[in-house]
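Asks: build me a structure from this.
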Amino acid sequence: MNEINEDFYIRNIIQTSRKYRRHIYSLYLSFFIVISLCLFLVESFFPISVPLPGAKIGLSNIPYLLALQLLGWKACFIVAFTKPIIGSLITGTFLNIPFFFSFIPSVLSAVIMSIFFTLSRKILSLFSISIVGAISHNLTQLLIAFFLIKHIAIFFYLPFLFLFGILSGSITGYITIFLLKTPELSFINLTEKPHEKFI
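Replies: Residues are numbered from 1 along each chain as shown. Got it, this is the predicted structure:
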């Protein structure tokens, strides 16, 4: 009888723990989507002056990295997929050319960061993955521009976008690592294999 009660008690604890994890997962996923959207709108309405057409620091990518580290690759993809759609609906650019310059690089960079995060966790740090994501985002935008303009001269920007990707990825990477070390986020870990190497 005691063994049955103990087994029921243990299963109840496990079920409660799973429900708690699901609630926490949903809460922080929603939080990262909102923060990413807010940063996206700030950069859209108050762009930082950069001497490269279409280049941005990419502060809205910080929640991608936070979601990737704390919640896993699926959450990172959801944030990257949701942010440009809602953002374009707010700014009135949904399914216009600016939408595709935001949506496709956003999703593709999230996929690439997730792949590196999963397969190269012992080789690349979270900081390096941030740079990879920024570079892939810029290169994807360049390819979209080439598809629209169909002029080889567009690739003149390639080395500059590559270097700017390293700079912007370094900035977002450092900010992400700083946030991960704060008490509010340091205790959260809902992914099975978090990245242990920050830098």
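Asks: Y64 touches C76, doesn't it?
Replies: Yes - assessed by CB atoms under 8 Å, Y64 is found in contact with C76 at 5.3 Å. Just so you know, the C-beta spots here come from the backbone N, C-alpha and C atoms, and that holds for glycine as well.
Asks: any common contacting residues for the two?
Replies: Shared contacts of Y64 and C76, defined by CB atoms under 8 Å, 6 or more residues apart in numbering, comprise 110, 113.
Asks: centroid residue for this structure?
Replies: The residue lying closest to the centre of the chain (CA atoms, centre = their mean) is Y64, at 1.6 Å.
Asks: where's that one, which helix or strand?
Replies: For Y64, the host element (DSSP states H and E) is helix 62-70.
Asks: can you name the next helix or strand after that helix?
Replies: helix 73-91.
Asks: residues of that next one that come out buried?
Replies: Within helix 73-91, the residues scored as buried using 16 or more other CB atoms under 10 Å are 73, 75-80, 82-88, 91.
Asks: ok, these vs R22, which is closest?
Replies: Distances from R22 to the buried residues of helix 73-91, taken as CB to CB, are shortest for A75 (12.3 Å).
Asks: skipping adjacent residues, who's closest to that closest one in space?
Replies: A67 (4.1 Å; CB to CB, 6 or more residues apart in numbering).
Asks: one more: I175?
Replies: I62 (5.6 Å).
Asks: I'd assumed Y174 was in contact with the one you found.
Replies: No - using CB under 8 Å as the test, I62 is too far from Y174 to be in contact (10.0 Å).
Asks: more neighbours, these two?
Replies: I62 (22 against 14; other CB atoms under 10 Å).
Asks: for the strand or helix carrying I177, which residues meet the burial criterion?
Replies: Using DSSP H and E, I177 sits within helix 158-180. By 16+ other CB under 10 Å, the buried positions in helix 158-180 come out as 161, 164-165, 168-169, 171-173, 175-177, 179-180.
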